[in-house]
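Novice: My questions concern the predicted model and sequence given below.
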Amino acid sequence: MTFLQEERYRIAQGLVDVSQNFAAKGWFPATSGNLSIKLSHEPLLFGVTASGRDKENLQINDILFVDGDSKPIESTLLKPSAETLVHAEVYKKIGGGAGSVLHVHTLYNNLLSEIYAADGKVTISDMELIKGLNIWEEGASIDIPIVENFADIPKLAAEIGKRLDPRVPGVLIRKHGIYAWGEDVHAAKRHVQAFEFMFQYHFLWLTYQRQVNPLTAALASAPAAQHA
Ligand SMILES: CSC[C@@H](O)[C@@H](O)C(=O)COP(=O)(O)O
Ligand SMILES: [Zn+2]
C-alpha cells in the first residue's frame with residue numbers, strides 16, 4: 001500500500017499536535033489514551049498511535065497506518081493501540097462525520113461514568129458549550145452513552161458501536177475514559193474539550209449542591225412521592 005508521504009506527515013503531525021494540547025491538561029495519565037486520523041473511508045485506512053507510547057511525549061514515528069481490521073498496512077515494528085478496533089468501529093458506524101477519533105482518560109470523565117453507570121448515560125442540559133459539539137438549539141440537552149469497560153476489545157468495540165449517536169460525538173466507558181470524534185482532528189479536539197469542560201462543571205456542581213445546600217440536593221434527588 002503506497003500513499004503520499006505528505007499525507008502520512010499531515011496525519012502524524014496532526015496527532016502529535018493534539019496530543020501536546022491534551023498532555024498539557026494531564027489527560028494522558030500513565031501512557032493511557034490513543035488517537036487516530038482517517039486517511040480514507042473506502043477502503044477504511046487510518047493513522048493511529050502505537051500501543052504503550054507515552055502520549056505526553058508523542059513523536060511522528062509513534063504513528064502507524066492500519067486498515068479496518070486494525071492490521072498494519074505496511075511493514076512496521078510498531079504495534080497498533082490495543083484499542084484500535086474501537087477507532088475502526090467509530091469510523092465504520094459514523095462514516096463521513098468521523099475523520100478523527102480521540103480517546104482520553106480524565107478524572108472527571110471517570111467520575112461521571114461511575115456516578116451515572118446505572119442510568120447508562122450522562123445527561124447534560126442547557127450549557128453553552130453544547131454548542132462546541134455543533135448543537136445549536138436553545139436549551140439543548142444531550143445524553144452521552146456509558147458502556148461497561150469490557151476487557152475483551154472486540155466486545156467493547158461492538159458495544160460502543162451499538163450505542164453511538166451521530167448527534168452526540170462521544171461515548172464514555174465506565175471508569176475508563178471517553179472516545180470522541182469529529183469530521184476532522186480539529187473538530188474532534190474541540191469535542192473532547194467541550195465534553196471535558198461540561199463533565200468537570202457537572203461534577204463540581206453536584207459536589208457544590210451537596211456541600212452548600214444538602215437539604216435542597218437531597219430533595220432534588222428524592223422520588224417525587226416523598227415530597228408530598
Ligand atoms: C496504560 S492503561 C490504559 C490502556 O489500558 C488503554 O486503555 C489505553 O488507553 C492506552 O492503550 P494503548 O494500547 O497504549 O493505546
Ligand atoms: Zn483507554
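Specialist: Yep, it's here. Ligands and ions are numbered 1, 2, ... in the order given.

Novice: Can you name the residues bridging to the residue nearest to the spatial centre of the chain?
Specialist: Taking CA atoms, centre = their mean as the criterion, residue 179 is the residue nearest the geometric centre of the chain, at 2.0 Å. Beta bridges link residue 179 to residue 103, residue 171 when assigned by DSSP bridges.

Novice: Verify the stated contact: it with residue 170.
Specialist: Yes - here residue 179 lies in contact with residue 170, judged by CB atoms under 8 Å, at a distance of 6.6 Å. For the C-beta atoms, the positions are set from N, CA and C on the backbone; glycine is no exception.

Novice: How far does the longest helix seen in the chain sit from its chain's centre?
Specialist: Of all the segments assigned as helix in the chain under DSSP state H, the longest by residue count is helix 185-212. Relative to the mean C-alpha coordinate of its chain, helix 185-212 is positioned 13 Å out (CA atoms, centre = their mean, to the nearest Å).

Novice: Quick one: name whatever helix or strand follows that helix.
Specialist: For helix 185-212, the following helix or strand on the C-terminal side (DSSP states H and E) is helix 214-221.

Novice: Tell me the gap between that following helix and the middle of its chain.
Specialist: On the basis of CA atoms, centre = their mean, helix 214-221 is displaced by 32 Å from the centre of the chain it belongs to.

Novice: how about the strands in the protein?
Specialist: Taking DSSP state E, the strands of the chain run over residues 34-40, 45-49, 63-67, 100-104, 121-125, 141-147, 170-173, 177-182.

Novice: Any residue of the third one touching ligand 1?
Specialist: Meaning strand 63-67. No - contact of strand 63-67 with ligand 1 (CB under 6 Å from any ligand atom) is absent, the minimum separation being 11.6 Å.

Novice: Which strands and helices lie in contact with that strand?
Specialist: Taking 3 or more CB pairs under 8 Å, 6 or more residues apart in numbering; DSSP states H and E as the contact definition, the neighbouring helices and strands of strand 63-67 are helix 5-24, strand 45-49.

Novice: change it to 10 Å
Specialist: Based on contacts counted as 3 or more CB pairs under 10 Å, 6 or more residues apart in numbering; DSSP states H and E, the elements that strand 63-67 packs against are helix 5-24, strand 34-40, strand 45-49, helix 84-94.
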